[in-house]
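Q: sequence and predicted structure, then a few things I'm wondering about:
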Amino acid sequence: MNLDNAFGIHAKAMSLRTHRAEVLATNIANAETPNYLAKDFDFNAVLQSAAEGRSAMQSTNSNHIQTGDSELMGQDLMYRLPEQPSIDGNTVELQTERAEFTKNAMQYQASVRFLNGKVSGLITAIRGE
């Protein structure tokens, strides 16, 4: 029995959602920092890369230069374009960041519920109930 097949893409999705929550929280925390540029990543593109079996470049030697965030499957963080830029150069729009954070949290909870159902089903099958 392969747990990766049983859980599907939801385990990777949860990991990516956790990472995205950190990125969005950093944006919110820096809402008043002059010249801070809000960042995000294309969740769907990264998840699609994971679903297709593509992986981030892996370092095979400790002397290799580290390239970006391996969690993002080789994708880079992108800068968010603000609807109305701030005079001090900060591009964080709290309404947008909070909405994205909330949406991300709800989708994370949906994956948790799905995985809980899968685990419950596997436990039931193992017990033979």
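A: Structure's in. What do you need? Residues are numbered from 1 along each chain as shown.
Q: wait, doesn't residue 40 sit right on residue 25?
A: No. Residue 40 lies out of contact with residue 25 (Cβ atoms under 8 Å); the separation is 11.7 Å. For the C-beta atoms, the positions are set from N, CA and C on the backbone; glycine is no exception.
Q: so the two - more neighbours on which side?
A: Set residue 40 next to residue 25 and count neighbours by other Cβ atoms under 10 Å: residue 40 wins out with 17 against 13.
Q: report the contact partners of the residue nearest to residue 33 when sequence neighbours are not counted.
A: Closest residue to residue 33 in three dimensions, ignoring its sequence neighbours and counting by Cβ to Cβ, 6 or more residues apart in numbering: residue 90, at 6.2 Å. Residue 90 makes contact with 30, 31, 32, 33, 34, 35, 36, 37, according to Cβ atoms under 8 Å, 6 or more residues apart in numbering.
Q: then residue 16?
A: With contact set as Cβ under 8 Å, 6+ apart, residue 16 has these partners: 43, 46, 47, 50, 71.
Q: and what of residue 105?
A: Residue 105 is in contact with residue 21, counting by Cβ under 8 Å, 6+ apart.
Q: neighbours around residue 121, how many?
A: 11.
Q: what helix or strand is it on?
A: Assessed by DSSP states H and E, residue 121 sits inside helix 94-127.
Q: can you pull the buried residues of that helix?
A: Going by neighbour count (16 or more other Cβ atoms under 10 Å), the buried part of helix 94-127 is 96, 97, 100, 101, 104, 108, 111, 115, 118.
Q: helix, strand, or coil at the closest residue to the fifth one other than its chain neighbours?
A: To tie it back to what came earlier, the one meant is residue 104. Excluding its sequence neighbours, the residue lying closest to residue 104 (Cβ to Cβ, 6+ apart) is residue 20, at 5.3 Å. Following DSSP: H, G, I helix; E, B strand; the rest coil, residue 20 is assigned to helix.
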